[in-house]
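Engineer: pasting the structure only:
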């Protein structure tokens, strides 16, 4: 048997095409990868020739190397701005050739299955070797056709000890563990944690926890509050965690001192008219120990004029839908502050605030807190009967909220009636036989449907049959009536059911509606879920505490930091929204199935 002709020849780039035998066609090539490979060829040259089939002696078709061919074409077309670039000889591109179709197909198949990329350890050591020879990271990136960020991260791994890299190569640790070990403050600490990780089969999270006992990450609330620059100015050492894009602070004691000094100074600067302002050093919120022996004094809630209340609603909705800008956020915060209200002069004179830094590194206050020994005598036992009555009288729910709740109850009743065709006909017949007027009837047979969409309708899911409009928008005609009659009886009944259900809306029949609910399967929570906008922000502040206490057992409420009672009304409403709308939040609180069921069944008193 004669061996197929196979040798290296040189062809002009313009004569080389992509063979249809090649399993990867031009559309399969990622443009960014092609551009990166072109830069690599500009730096290192074409290391591997193209493999080509010769259907005739001067028509090479690439069966292996289509991406290299595309990179050469890109390089010739776009050029390179690198000073170190070496332009190939465009008239002499090296190609391994064969004129045997079977060999060409074998080359194409073998190339598609035999490519094995460098392992992470091989890549790390290759980059490290090039850097040791003085090659800059940018040139390494161009030579390997990868992003500069990737090279820098691999070089960070190259700084690990040989023992760590050997463990990575052998599979004793994962790449994530190796990445985490780059934040070790010293080689000795790195090796100690590495050996513990291998022995105990620790993952990256556990390794990071072990290392962070001796370092502080840049996203730590204390580091954010103090500032990395201020920490360095005070003599602190910093390195960079390239895998989490943040600084690593290596002097926790220095940071702790800077943090304590700054939060103490901040507390003093905002003390103002308060009797005291105490900094919270150790926690991102006032702990139970901090507030022990103190009474939490609530603000006197504020009220907004109608125009401001409408603007508050608009901005709240914009915040919920993430369509609010910074100016809107500032305006909303100002309106919220007015709603939250303020403390009276007596409270300022006898109470104080705790100043703390939250988990995001932002300074906050918790107040007002009055030492029981500072409580004014008039508040304890000298108040008038009128004062006492005023304190014990709960603030009423705003009328617009009560109207919305009534609409939701009506919508839930209509939803239940959609599945009760016969029941609706009985209601209609009873109403006609009893001669009830539309204004005093279960069904508004004038078919002027009552409103069921509340002003704040977040988390309300209405059945489409209740919101679809009439099918005709003109007066009656005989042809239209005949066409309607030609449809099925089932269709006629469905139309009757939909419109009769939509007409249900007793205005002054609360007792009747309550008794009716006992004969229907009305499930308000099936169509509506309470949230901050549609419910909790609209209820009096004291009601929110009662709701939380009723639904979250005291021992599980301790999982909330800071405590629910210390939050302002807006934050309490947000926490309740998470309780009702976020299964993960319930899980974090450790609520049982029965406790979750109670949340899913809860309704405002105005709806029951």
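Structural biologist: Sure, I can see it. Predicted model, so just to flag it, every value in this text is computed and none were measured.
Engineer: mind listing what residue 276 touches?
Structural biologist: Residue 276 is in contact with 352-353, counting by C-beta atoms under 8 Å, 6 or more residues apart in numbering. Placement of C-beta: from N, CA and C, glycine included.
Engineer: for the one 3 residues further on, same thing?
Structural biologist: With C-beta under 8 Å, 6+ apart as the criterion, the residues that contact residue 279 are 260, 263-264, 266-267, 354-356.
Engineer: what bridges to it?
Structural biologist: residue 355 (DSSP bridges).
Engineer: wait, a strand at residue 52?
Structural biologist: Yes. Assessed by DSSP: H, G, I helix; E, B strand; the rest coil, residue 52 belongs to a strand.
Engineer: verify the contact between it and residue 16 for me.
Structural biologist: Yes. If you go by C-beta atoms under 8 Å, residue 52 and residue 16 touch, sitting 6.9 Å apart.
Engineer: mark which of the contacts of residue 279 are buried, thanks.
Structural biologist: If you count burial by 16 or more other C-beta atoms under 10 Å, the buried members of the contacts of residue 279 come out as 263, 266-267, 354-356.
Engineer: the residue nearest to residue 572 when sequence neighbours are not counted - how many residues pack around it?
Structural biologist: Sequence neighbours aside, residue 544 is the residue nearest to residue 572 in space, at 4.5 Å (criterion: C-beta to C-beta, 6 or more residues apart in numbering). By other C-beta atoms under 10 Å, 22 other residues sit near residue 544.
Engineer: gap between the residue nearest to residue 72 when sequence neighbours are not counted and residue 188?
Structural biologist: Nearest residue to residue 72, sequence neighbours excluded (C-beta to C-beta, 6+ apart): residue 13, at 5.9 Å. Per C-beta to C-beta, to the nearest Å, residue 13 is found 55 Å from residue 188.
Engineer: between these two, which one's more packed in?
Structural biologist: residue 13 (16 against 10).
Engineer: report the contact partners of that one.
Structural biologist: 72-73, 76, 90-91, 93.
Engineer: and it, how far from residue 66?
Structural biologist: Taking C-beta to C-beta, one finds residue 13 at 14 Å from residue 66.
Engineer: do the same with residue 592
Structural biologist: 60 Å.
Engineer: and if you look at residue 262?
Structural biologist: On the measure of C-beta to C-beta, residue 262 and residue 66 end up 60 Å apart.
Engineer: ok, residue 39 next?
Structural biologist: 18 Å.
Engineer: quick one: which of residue 262 and residue 66 has more around it?
Structural biologist: residue 66 (23 against 18).
Engineer: the more buried one against residue 24, yeah?
Structural biologist: Yes. Counting by C-beta under 8 Å, residue 66 touches residue 24, with 5.3 Å between them.
Engineer: show me where the stretch 301-450 of the chain has its strands.
Structural biologist: 352-357, 363-371 (DSSP state E, counting those that start in this stretch).
Engineer: quote the end-to-end distance of stretch 540-560.
Structural biologist: 22 Å (C-alpha to C-alpha, to the nearest Å).
Engineer: repeat that for stretch 23-39.
Structural biologist: 24 Å.
Engineer: pull out the buried residues from it.
Structural biologist: 24, 29, 34-39.
Engineer: cool, stretch 120-134 as well?
Structural biologist: Quick answer for stretch 120-134 (16+ other C-beta under 10 Å): 120-121, 123-128, 130-131.
Engineer: likewise for stretch 39-52?
Structural biologist: Those would be 39-43, 46, 49-52, for stretch 39-52 by 16+ other C-beta under 10 Å.
Engineer: mind listing the helices for the stretch 1-150 of the chain?
Structural biologist: For the stretch 1-150 of the chain, applying DSSP state H, counting those that start in this stretch gives helices covering 31-44, 66-78, 101-114, 120-132, 137-144, 148-158.
Engineer: lowest-confidence stretch among these?
Structural biologist: For those, mean pLDDT drops lowest on helix 137-144, to a mean of 74.
Engineer: quick one on the thing from earlier: could I get the helices of the stretch 1-150 of the chain in JSON lines, plus columns for distance to residue 227?
Structural biologist: Converted to JSON lines, those look like this (distance: least, C-beta to C-beta, whole Å):
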{"stretch": "helix 31-44", "distance to residue 227": "37"}
{"stretch": "helix 66-78", "distance to residue 227": "43"}
{"stretch": "helix 101-114", "distance to residue 227": "53"}
{"stretch": "helix 120-132", "distance to residue 227": "32"}
{"stretch": "helix 137-144", "distance to residue 227": "28"}
{"stretch": "helix 148-158", "distance to residue 227": "24"}
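Engineer: you'd agree residue 312 is up against residue 304?
Structural biologist: Yes. Taking C-beta under 8 Å as the definition, residue 312 is a contact partner of residue 304 at 6.0 Å.
Engineer: for those two, list the residues in contact with both.
Structural biologist: 335, 339.
Engineer: tell me which of the two has more neighbours.
Structural biologist: More crowded of residue 312 and residue 304, by other C-beta under 10 Å: residue 312, with 19 against 15.
Engineer: nice, that's everything, thank you.
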